[in-house]
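1. just to be clear, the model below is a prediction. Sequence and coordinates:
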Amino acid sequence: MMMENVYIKALSYYLPETVISNEDLVKEFPEWSVDKVASKVGVHYRHVSGSDETAGDMAEKAALKLFDEYKISPKEVDFVLLCTQSPDYFLPSTACILQHKLGIPTSSGALDYNLGCSGCIYGLALAKGLVLSGVAKNVLLLTAETYTKYLHPSDKSNRSIFGDGAAACLVSTDGFAKIGHFVLGTDGSGAENLIVKTGYARHREKTGLSKEDEEGRMQHDDYLYMNGSAIFNFTLDTIPQLINQVLEKEHLSIEQVDYYVFHQANKFMLNTIRKIGVLPKEKFYVNLEETGNTVSSTVLIGLKDCMMNESIYSGMNVMIAGFGVGLSWGGCMLYLF
């Protein structure tokens, strides 16, 4: 029998033990002040994966936490989706390794998909499709990223923004949040605005080359480069439209949305989105202080935190959205029971 509705049934996350504070960063970059870092990006602390800790390790810990917190047996899972841009190996898929480590049945499907800041939204869309089509009943969606390993030691801007982390979400035939319709988008013409250029098939060998971009920021071939102004402009062009498109698809007015949990890029960007969209401050989640930008995990971490502090609860309509590297974006509504 075909399913009509699909739900989020469980939600947990994991953050690495090592924490880098603004005070730690200022010791390396004395031209900055603690207050300047906090006011600019909204981050006070960011968690950093250990030297031998991988995205797979963190995803495993997030999944185990979910199983324990919700008393779910891994035997109930029949599909594993892992969103990461820092997999443990070129091959095999880290999701396959996690199936074995977590004790999930060999009758389950498992795959990685490579996406960044919109990855949670795309994962929920994929998981919903698997359940609706009858391929699976309980999809374990994992997001895990070790972006800090891609950052050049001198890149104070990105080092102040990004943190590592992982989240786990069970998408199922029942649960506490019904997943609505999706609006997705892609613009690959902006790929070079957020990129790690070397180390993969196109440029396999590291070059060691660096140059200044048009804004005077250093662009290192072998490390993550982000054209901040281009990403900012892309977001402001795209996300207000996305909000309206989600509302239109769900036949909702903006007054019927009770809360917004968007990708936690940085404080300034989020506040600008909120102001352009004329969204009430009390309905808009901004909380990067303790975690920083954890890429594909920010939305799931945000949802969990909002549930724990009762910012969102039964009966609320919550809009979620992700946007960034790709360029890629997506959003949907969650209806909490």
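-> Done, it's in.
2. what is the host helix or strand of residue 321 packed up against?
-> Using DSSP states H and E, the element containing residue 321 is strand 317-324. In terms of contacts (3 or more C-beta pairs under 8 Å, 6 or more residues apart in numbering; DSSP states H and E), strand 317-324 is packed against helix 119-132, helix 228-250, strand 259-262, helix 298-308, strand 328-336. Quick note: C-beta positions are derived from backbone N, CA and C, even for glycine.
3. adding distance to residue 268, write the ones you listed out as TSV.
-> Shown next, in TSV, are the helices and strands packed on strand 317-324 (distance: least, C-beta to C-beta, whole Å):
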stretch	distance to residue 268
helix 119-132	22
helix 228-250	8
strand 259-262	13
helix 298-308	15
strand 328-336	18
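4. deepest in the core, which of the ones you listed is it.
-> Highest mean neighbour count among the helices and strands packed on strand 317-324 (mean count of other C-beta atoms under 10 Å): strand 259-262, with a mean of 24.
5. pLDDT averaged over that one - what is it?
-> Average pLDDT, strand 259-262: 98.
6. how about low-confidence regions in this protein?
-> The model of the chain has pLDDT under 70 over residues 1-3.
7. which residues of it fall in helices?
-> In the chain, the segments counted as helices under DSSP state H are 22-28, 34-41, 55-70, 94-102, 119-132, 156-161, 228-250, 267-276, 298-308.
8. got the contact list for residue 76?
-> By C-beta atoms under 8 Å, 6 or more residues apart in numbering, the contact list for residue 76 reads residue 138.
9. tell me how far it lies from residue 106.
-> Going from residue 76 to residue 106 by C-beta to C-beta, to the nearest Å gives 14 Å.
10. with residue 129 instead?
-> Residue 129 sits 23 Å away from residue 106, taking C-beta to C-beta as the criterion.
11. excluding its backbone neighbours, what's nearest the residue nearest the centre of the chain?
-> Geometric centre of the chain, nearest residue: residue 296, 1.7 Å, by C-alpha atoms, centre = their mean. In space, and not counting its chain neighbours, residue 296 is closest to residue 119: 3.3 Å by C-beta to C-beta, 6 or more residues apart in numbering.
12. next: residue 245.
-> Once flanking residues are discounted, residue 245 sits nearest to residue 183: 4.5 Å by C-beta to C-beta, 6+ apart.
13. break the protein down into its structural domains.
-> Domain assignment of the chain by automatic domain parsing yields the ranges 7-174, 181-336.
14. any idea which of those is most buried?
-> Buried most deeply of the domains of the chain, by mean count of other C-beta under 10 Å, is domain 7-174, with a mean of 20.
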